[in-house]
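**Student:** Using only what follows, build the 3D model:
(chains A and B)
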Number of protein chains: 2
Amino acid sequence: VTAPALSFVDRLRAEGLARYHHMHPFNVRMHAGALRAEEIRCWVANRYYYQTRIPIKDALIVAKAEDRAFRQAWIRRIHDHDDAGGGLDLWCRLGEAVGIPPDELVSCRRVLPGVRAACDAYVELVARVSLVEAVASSLTEAFAPDLMRERILAWEEHYPWVDARALDYFRVRVGRARRDADEALRFVVAGARTRELEDRCVAALVEKTSILWRLLDCVEEASA
Amino acid sequence: VTAPALSFVDRLRAEGLARYHHMHPFNVRMHAGALRAEEIRCWVANRYYYQTRIPIKDALIVAKAEDRAFRQAWIRRIHDHDDAGGGLDLWCRLGEAVGIPPDELVSCRRVLPGVRAACDAYVELVARVSLVEAVASSLTEAFAPDLMRERILAWEEHYPWVDARALDYFRVRVGRARRDADEALRFVVAGARTRELEDRCVAALVEKTSILWRLLDCVEEASA
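**Tutor:** As a prediction, the model looks like this:
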């Protein structure tokens, strides 16, 4: 008796979720309220570098797209992060609320070499692979809404010294991540037309999860 | 007695303008009213492929930019071409006015291999070089407003069978090209801080002019 083969969508979900950073010890400690303020600051400062890579990798994805309608849809993600009041501004507000002045956050002085390498590897992954694989690597977004909702509750409960209004980045991502993931999944399912391409999409998503995981490994190690 | 050294801006202008495609025999014949309708169609169909490369090379430029304000400014160029009523739509309208159905234009069936190679080489140039060189390669825009104004007058006079309203692409580019070129020139002058970098910017602009020139070479050869 062999188990029935998983559908492509199920494989993406299973392989992605099994490695998603919600289970990383540092994230588990964060949501359990076990982080010291300095550990929170270290994470916010380091994750900021990841945030700065998002518009860059999204511009690379736009540049890979021959289809104008795809570009018109995907360019919205660059605006979501770069525009006034967007993701980068909201992350700066989070930084201020945890005690990192905007100048210091934006300077990336506190970004650990390993975090920088992991985030740069994400940009390199997107630059290297085909459009459908690059989009597949973004599918960690499918798991983000649950993580964001959990995080908002955990921070409100365990870190009352952080102004709750500064959690708007997480609040905004709940809706946007779902919308972005649904759009990306439709594209990947339509575009991955062979088993080999499906495998490469799963591999791109797995590589992306390992990048997010490494980021937390570095932050964990630095605060140990 | 040696001639005084040209300033960087003067070098960009001199080296760029000396090679700009306004002097290409095909363009000279176009503006003199000497092209047959089929030659006009061949040019419009082939130049369309160049137009499709613009949002792609601009997304690559956005992806090279660490500065969020730069990205916010440059992303407008992608919208200028991709958005409804933007450059690609206006080129389709031009295509219809010269007798190329939109489906045929967009299919790129009539694009000559040499034209495709030249336009792809532009994208590869932008992908390969540094941000300041990539921006320098866009400085052919500085010469576009004069060419566009001349072209509108020439087409209205010599090709009355083309609906004058279909020349809106050229009309729109007069103002946008000047704005884009001014913005790009400020960035290149501020960013090219060494003589070596200045030389590389001039070289990128020269390479770009050779790409535009090759496009017309191919169209000229095909219609001979």
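
**Student:** and chain A, which residues reach chain B?
**Tutor:** A:52, A:55-57, A:59-60, A:62-63, A:65-66, A:68, A:71-72, A:75, A:78-79, A:82-83, A:88 (CB under 8 Å from any CB of the partner chain). Placement of C-beta: from N, CA and C, glycine included.

**Student:** what do you get if the cut-off is 6 Å, keeping everything else the same?
**Tutor:** A:56, A:59-60, A:62-63, A:68, A:71-72, A:82 (CB under 6 Å from any CB of the partner chain).

**Student:** could I get the residues you listed as a markdown table with secondary structure?
**Tutor:** Listed next are the residues of chain A next to chain B as a markdown table, based on DSSP: H, G, I helix; E, B strand; the rest coil:
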| residue | secondary structure |
| --- | --- |
| A:Ile56 | helix |
| A:Ala59 | helix |
| A:Leu60 | helix |
| A:Val62 | helix |
| A:Ala63 | helix |
| A:Arg68 | helix |
| A:Arg71 | helix |
| A:Gln72 | helix |
| A:Asp82 | helix |
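
**Student:** Please indicate which of these are buried?
**Tutor:** The neighbour count (16 or more other CB atoms under 10 Å in any protein chain shown) marks A:56, A:59-60, A:62-63, A:68, A:71-72, A:82 as buried among those.

**Student:** For chain A, which segments are assigned as helices?
**Tutor:** Assigned by DSSP state H, the helices in chain A fall at A:8-19, A:25-31, A:37-64, A:68-82, A:87-98, A:102-107, A:113-128, A:131-137, A:144-158, A:168-191, A:195-223.

**Student:** Point out where chain A drops to low pLDDT.
**Tutor:** Across chain A, residues meeting the criterion (pLDDT under 70) sit at A:1.

**Student:** what's the most buried one of the helices of chain A?
**Tutor:** helix A:131-137 (a mean of 25; mean count of other CB atoms under 10 Å in any protein chain shown).

**Student:** Export only the CA atoms of that helix, formatted as PDB.
**Tutor:** Provided in PDB are the C-alpha atoms of helix A:131-137 (Å, rounded to 0.1, in the frame of the first residue of the first chain):
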ATOM      1  CA  LEU A 131       9.900  33.600 -12.900                       C
ATOM      2  CA  VAL A 132       7.600  30.800 -11.700                       C
ATOM      3  CA  GLU A 133      10.300  29.600  -9.200                       C
ATOM      4  CA  ALA A 134      10.900  33.100  -8.000                       C
ATOM      5  CA  VAL A 135       7.200  33.500  -7.400                       C
ATOM      6  CA  ALA A 136       7.000  30.100  -5.700                       C
ATOM      7  CA  SER A 137       9.700  31.300  -3.300                       C
END
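
**Student:** gap between that helix and the chain center?
**Tutor:** Averaged C-alpha coordinates place helix A:131-137 at 14 Å from its chain's average position (CA atoms, centre = their mean, to the nearest Å).

**Student:** same question, stretch A:139-149
**Tutor:** 8 Å.

**Student:** What of stretch A:173-185?
**Tutor:** On CA atoms, centre = their mean, the centre of stretch A:173-185 falls 12 Å from the chain's centre.

**Student:** okay, the helices of chain A in JSON lines with distance to B:Met148 next?
**Tutor:** Below are the helices of chain A laid out as JSON lines (distance: least, CB to CB, whole Å):
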{"stretch": "helix A:8-19", "distance to B:Met148": "48"}
{"stretch": "helix A:25-31", "distance to B:Met148": "55"}
{"stretch": "helix A:37-64", "distance to B:Met148": "26"}
{"stretch": "helix A:68-82", "distance to B:Met148": "23"}
{"stretch": "helix A:87-98", "distance to B:Met148": "36"}
{"stretch": "helix A:102-107", "distance to B:Met148": "40"}
{"stretch": "helix A:113-128", "distance to B:Met148": "34"}
{"stretch": "helix A:131-137", "distance to B:Met148": "33"}
{"stretch": "helix A:144-158", "distance to B:Met148": "46"}
{"stretch": "helix A:168-191", "distance to B:Met148": "37"}
{"stretch": "helix A:195-223", "distance to B:Met148": "43"}
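
**Student:** who's in contact with the residue lying closest to A:Ala65 once chain neighbours are set aside?
**Tutor:** Nearest residue to A:Ala65, sequence neighbours excluded (CB to CB, 6 or more residues apart in numbering or on different chains): A:Arg71, at 4.8 Å. A:Arg71 is in contact with A:62, A:65, B:82, counting by CB atoms under 6 Å, 6 or more residues apart in numbering or on different chains.

**Student:** count of neighbours near the second one?
**Tutor:** So that's A:Ala65. A:Ala65 is flanked by 22 other residues according to other CB atoms under 10 Å in any protein chain shown.

**Student:** swap in A:His21?
**Tutor:** 20.

**Student:** ok, so what distance separates it from A:Gln51?
**Tutor:** 15 Å (CB to CB, to the nearest Å).

**Student:** Tell me which residues touch the nearest residue to A:Gly191 once chain neighbours are set aside, please.
**Tutor:** Using CB to CB, 6+ apart and skipping residues adjacent in sequence, the residue nearest A:Gly191 is A:Val132, 3.8 Å away. Contacts for A:Val132 (CB under 6 Å, 6+ apart) come out as A:188, A:191-192.

**Student:** let's see it at 8 Å
**Tutor:** By CB atoms under 8 Å, 6 or more residues apart in numbering or on different chains, the contact set of A:Val132 is A:187-188, A:191-192, A:197, A:201.

**Student:** so which pair among those is furthest apart in space?
**Tutor:** Using CB to CB, the contacts of A:Val132 span at most 12.6 Å, a distance reached by A:Phe187 and A:Leu197.

**Student:** how distant is stretch A:214-223 from the center of its chain?
**Tutor:** 16 Å.

**Student:** next one: stretch A:76-86
**Tutor:** How far stretch A:76-86 lies from its chain's middle: 15 Å, per CA atoms, centre = their mean.

**Student:** Likewise for stretch A:174-193?
**Tutor:** Distance of stretch A:174-193 from its chain centroid, counting by CA atoms, centre = their mean, is 14 Å.
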